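Novice: using only what follows, build the 3D model:
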Amino acid sequence: MKKLYPSADAALADVLKDGILIAAGGFGLCGIPELAIEAIRKSGVKDLTVASNNCGVDHFGLGVLLDSRQLRKMI
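Specialist: Numbering: from 1, shown residues only. This is a model prediction of the structure:
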């Protein structure tokens, strides 16, 4: 089955819940899922655990989820 969504917000709408584990790819700040990270931030979910090789920087990458205090734990 192949689904196409008009936006990252729409693709993640039924998936995001408080307390879930998210695995985020990329290498440093290259190849990170910027649109998905922004959709997560806008959704307001909290107590997230994120598994990634870095946590971004201030105001960019996963750092935006740190800024908004949506992360509970980084792995």
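
Novice: where along the protein do the strands fall?
Specialist: Per DSSP state E, the chain carries strands over the ranges 21-23, 48-51, 71-74.

Novice: from those strands, which stretch is densest packed?
Specialist: Greatest average neighbour count among the strands of the chain goes to strand 48-51 (a mean of 17), per mean count of other CB atoms under 10 Å. No exception for glycine: its C-beta is placed from N, CA and C like everyone else's.

Novice: helices and strands around the longest helix along the chain, which ones?
Specialist: The helix that spans the most residues within the chain, counting by DSSP state H, is helix 34-43. Judged by 3 or more CB pairs under 8 Å, 6 or more residues apart in numbering; DSSP states H and E, the packing partners of helix 34-43 are helix 8-12, helix 63-67.

Novice: what comes into contact with the last one?
Specialist: Counting contacts by CB atoms under 8 Å, 6 or more residues apart in numbering, the residues outside helix 63-67 that touch it are 37-38, 40-41, 48, 50, 55-59, 71.

Novice: as a markdown table, the helices and strands packed on helix 34-43 with distance to Lys2, mean neighbour count and mean pLDDT would be great.
Specialist: A markdown table is the format used below for the helices and strands packed on helix 34-43 (distance: least, CB to CB, whole Å; neighbours: other CB atoms under 10 Å; pLDDT from 0 to 100):
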| stretch | distance to Lys2 | mean neighbour count | mean pLDDT |
| --- | --- | --- | --- |
| helix 8-12 | 13 | 16 | 95 |
| helix 63-67 | 29 | 18 | 95 |
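
Novice: sweet, I'm off.
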